[in-house]
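Q: I need the structure of the sequence given here:
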Amino acid sequence: MSGEKEQMNGEQLVAKDQDLSNAREELEKWKKMVETIEREKDKLILEKLDTDEAKKKAQQEVTNLMNAQDQLVVSFNDKLKDIQAKINSMANANQDLQKKLQQCKEQLKTKKAETDNLQRRFKIKAEIPEKRMRFTHIQQEENESDENEAQDIKGVFTIIQRPSFLLKGGEALITFEEEKVADQILRLPKCTVACDKTKSEVKPGTMALEPSAKFEVHITVSKRTIEFSNAFTFCLPEERMRDRLELGFSKPSRGGGEVETINYDEKAGAGSITFLNTGVAENLTLRGNFYVDAPEAMEVTVAPSYKYELKKFQTFCGVPKRTVLLRGIQDISDEEDMQDHLEIHFQKPSNYGGEVESIKFISKGKNLRAFFSEDCAEAEAQ
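A: Below is the predicted model:
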């Protein structure tokens with residue numbers, strides 16, 4: 001029995017030793033786990049410290065960014081206000097400029113109308129009738145350097161446009177022999193003219209004559225050069241056509257003569273020819289045409305060579321001193337009777353009148369163009 005007990009005690013001791021060894025291993029295992037956990041804990045603590053520092057930095061950065069954002073918002077609002085103020089200022093300035101532009105357009109329109117009116121008034125466009133001229137003498141010019149130029153025919157024509165006034169219906173023009181009579185009538189606000197059994201109120205006033213012009217036209221006609229036209233060719237080159245023209249105008253049998261120079265424009269079919277001697281150009285221009293072989297007979301129109309120049313251009317504008325414009329005349333009687341009544345009224349010194357040189361009245365519905373000279377006035381129907 002004792003032996004079994006010892007065996008049992010031995011087994012128990014072995015078991016205890018085994019348990020103790022296992023416990024130690026387990027303890028070592030837990031110690032290692034605790035150490036690992038402690039290291040992880042320290043690591044986490046360090047990471048937490050780093051995270052807190054980063055968090056503080058991030059919070060500081062966020063705070064700085066928010067402050068910067070607030071400053072930017074304030075600056076943006078200030079700039080926005082400035083820009084809005086500038087926009088309003090520019091809008092006001094634009095409105096002012098638009099108003100000024102409209103005013104300038106109105107002024108430009110007015111000035112353009114005035115310019116058009118002045119251009120119409122000053123524009124010279126007249127058909128000068130043919131005049132029979134009589135040769136009187138030859139004027140020798142001093143210092144004539146060019147013999148050919150001295151051979152040309154020169155003429156000077158003085159064109160005088162008489163000043164005029166458009167007389168409308170119910171108006172009259174009366175010219176007195178003395179200026180003082182016209183001055184006396186112009187001082188009156190109105191005149192009462194008796195016409196048979198009725199009376200007519202007439203308003204005297206001044207008038208502005210339309211501008212007139214005076215200028216000289218200097219014309220030089222060459223005695224050796226002619227101009228030709230209608231010289232078109234469809235089968236000859238330009239050089240050959242020029243040779244044919246020179247050859248044709250050189251034939252005395254056809255009225256030509258020796259050619260000095262020739263100019264020819266194929267596209268225009270025209271040109272000019274200068275002869276060596278005088279007399280040929282005059283004979284050809286009197287004929288008006290010339291036949292040239294190119295290669296068939298071609299009729300060429302011939303005309304004299306002119307040079308003209310406008311000189312001493314002058315414009316005049318004024319108010320007649322002895323003529324009075326009468327307005328507001330009623331058609332009480334016919335034209336001639338009313339004109340007689342007006343003349344009788346204004347001839348009387350008791351009516352501040354005087355001797356009448358001329359008078360012209362037209363009834364309503366008519367217009368009359370009155371032309372003035374330096375010392376008298378006459379009316380001509382428009």
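
Q: residues near residue 62, how many?
A: 10 (other Cβ atoms under 10 Å). Quick note: C-beta positions are derived from backbone N, CA and C, even for glycine.

Q: again with the one 3 residues further on
A: Neighbouring residues of residue 65 were enumerated by other Cβ under 10 Å; the total is 11.

Q: For it, pull up the helix or strand it's in.
A: helix 2-122 (DSSP states H and E).

Q: buried set for stretch 205-225?
A: 207, 209-210, 212, 215, 221-225 (16 or more other Cβ atoms under 10 Å).

Q: So, low pLDDT: which residues of the stretch 1-150 of the chain?
A: 1-11, 118-150 (pLDDT under 70).

Q: Put together TSV for the buried residues of stretch 205-225, with distance to residue 294 on each row.
A: Output for the buried residues of stretch 205-225, formatted as TSV (distance: Cβ to Cβ, whole Å):
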residue	distance to residue 294
207	63
209	57
210	53
212	50
215	42
221	28
222	25
223	27
224	23
225	21
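
Q: Let me know the closest of these to residue 101.
A: Proximity of the buried residues of stretch 205-225 to residue 101, judged by Cβ to Cβ, is greatest for residue 210, which lies at 34.2 Å.

Q: Report the beta-bridge partners for the closest one.
A: residue 164 (DSSP bridges).

Q: separation between it and residue 158?
A: Per Cβ to Cβ, to the nearest Å, residue 210 is found 20 Å from residue 158.

Q: Same check on residue 292?
A: Distance from residue 292 to residue 158, by Cβ to Cβ: 40 Å.

Q: Repeat that for residue 346.
A: 36 Å.

Q: who has more neighbours, the two?
A: Remark: of residue 346 and residue 158, residue 346 carries more neighbours, 26 against 9, as counted by other Cβ under 10 Å.

Q: what ranges do the strands span in the stretch 151-300 of the chain?
A: For the stretch 151-300 of the chain, the strands identified by DSSP state E, counting those that start in this stretch occupy 153-160, 164-168, 171-176, 191-195, 198-205, 212-229, 259-265, 270-275, 289-293, 297-316, in order along the chain.

Q: how many neighbours does the residue lying closest to residue 332 once chain neighbours are set aside have?
A: Setting aside the residues directly before and after it, residue 332 is nearest to residue 195 in space (Cβ to Cβ, 6 or more residues apart in numbering), at 4.7 Å. Neighbours of residue 195 under the rule other Cβ under 10 Å: 18.

Q: got a list of what residue 195 touches?
A: By Cβ atoms under 8 Å, 6 or more residues apart in numbering, residue 195 lies in contact with 332-333, 337-338, 341.

Q: Can you check the pLDDT for it?
A: pLDDT, residue 195: 79.

Q: residue contacts, the residue nearest to the spatial centre of the chain?
A: Taking Cα atoms, centre = their mean, the centroid of the chain lies closest to residue 112, which sits 9.4 Å from it. Under the criterion of Cβ under 8 Å, 6+ apart, residue 112 has no neighbours.

Q: That one and residue 371: what is the separation?
A: Applying Cβ to Cβ, the value for residue 112 to residue 371 is 29 Å.

Q: cool, residue 90 as well?
A: The value you get for residue 90 to residue 371, if Cβ to Cβ is used, is 59 Å.

Q: quick revisit: gap between the residue nearest to residue 332 and residue 205?
A: Counting by Cβ to Cβ - residue 195 and residue 205 are separated by 20 Å.
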